[in-house]
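> next comes the sequence, and after it the predicted model I'd like to discuss.
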Amino acid sequence: MAASINPTVGRRRLGAELRRLRLASGLKSTEVAERLMVSQPKISHLENGRRAISPRDVRDLCLLYGVSDNQVVDALMEMAGESGERGWWHAYGDIPQSLYIGLETDAASVRAYEPLVIPALLQTPAYAHAVIGESIPLLTAEEAGTRLKVRLRRQHRIYDPAGRLRLWVVLDESVLRRVVGSPDVMREQLEHLNALGAEPNITVQVLPLAVGAHPGLSGQFSIVGFADSPEAGVVYLERFASDLCLEKPSDVRHYSVMYGHLQAQALDPGSTRRLVTDAIKSYIEAANRL
């Protein structure tokens, strides 16, 4: 495992390999848990990368699965040691969406549908500050400041000289019309959106309200892709109190088809920029009236 791979992704890759070995051995997760005298949820969490695993546990699992190649065992134990390291975001304490941030950090591409707000990677500091402060009840000033720092740090990913993130975004038109912060904040945010949409690695499309019912009515989702496994991906569903990652190929295909429909129904990037420019003008007029 390369040292540049972040621990979240490392755990998921190791977990996937351990699951493959378990299935090859013919053992069910309940049987593994019983033989190792641990809970079945622990085995599931290890296999889906939601918790770190020690090299010793990897060795025990390999023995149980009948893995006789010492080179394979040593490589998996090394992965376990590296995946126990902490990503940059852990320096900010227990923050929400840490699982997704780990995926985003290692991603080659993200396809995002947002029906309510500008995506975090494209937010200006003022817009992000307003979203965090106005959408999360009982948040202290310190907690809000920490979340803002993490959000702005995440944006480095789209400028990474080692490999810029390929980002596709489909926004519901209501995102342009919803006043977050103030008309001045919205004007600045939409100008920033148009500027980023002109970057070669970022595509922004707006889904007009006139489209009516569409596949995105169930809410926000993102599809995360990785350079070393282009055939696979992770669907991320963000919710207020928790999040959900879907990795079954059938789920990823389902959401990919949904995203394709949203892109087809949305305005093309040029028409999107013109619509955003019209919205900017309306916010300039609104600010002048204040």
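Cool, the structure landed.
> please make it C-alpha for all contacts and neighbour counts, starting now.
Noted.
> the stretch 1-150 of the chain: helices as residue ranges?
For the stretch 1-150 of the chain, the helices defined by DSSP state H, counting those that start in this stretch cover 7-25, 29-36, 40-47, 55-64, 70-83, 98-106, 125-135, 141-154.
> let me redo that: the stretch 151-290 of the chain
Remark: helices assigned in the stretch 151-290 of the chain by DSSP H, counting those that start in this stretch are 174-177, 183-197, 249-265, 269-289.
> can you read off the backbone torsions of residue 27?
phi -90, psi 140 (degrees, to the nearest 10).
> okay, the helices of the stretch 1-150 of the chain in JSON lines with distance to residue 167 next?
As requested, these are exported to JSON lines (distance: least, C-alpha to C-alpha, whole Å):
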{"stretch": "helix 7-25", "distance to residue 167": "19"}
{"stretch": "helix 29-36", "distance to residue 167": "37"}
{"stretch": "helix 40-47", "distance to residue 167": "28"}
{"stretch": "helix 55-64", "distance to residue 167": "35"}
{"stretch": "helix 70-83", "distance to residue 167": "26"}
{"stretch": "helix 98-106", "distance to residue 167": "11"}
{"stretch": "helix 125-135", "distance to residue 167": "19"}
{"stretch": "helix 141-154", "distance to residue 167": "13"}
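> between these, which gets nearest to residue 201?
Proximity to residue 201 (C-alpha to C-alpha) singles out helix 98-106 among the helices of the stretch 1-150 of the chain, at 15.0 Å.
> centre of the chain to the closest one, how far?
6 Å (C-alpha atoms, centre = their mean, to the nearest Å).
> ok, residue 147 - contacts?
Neighbouring residues of residue 147 by C-alpha atoms under 8 Å, 6 or more residues apart in numbering: 95, 132.
> where does pLDDT dip in the protein?
1-9, 50, 82-87, 90, 228-231, 240-242 (pLDDT under 70).
> for residue 249, see how far away residue 235 is.
10 Å (C-alpha to C-alpha, to the nearest Å).
> okay, and the common contacts of these two?
Common contacts of residue 235 and residue 249 (C-alpha under 8 Å, 6+ apart): none found.
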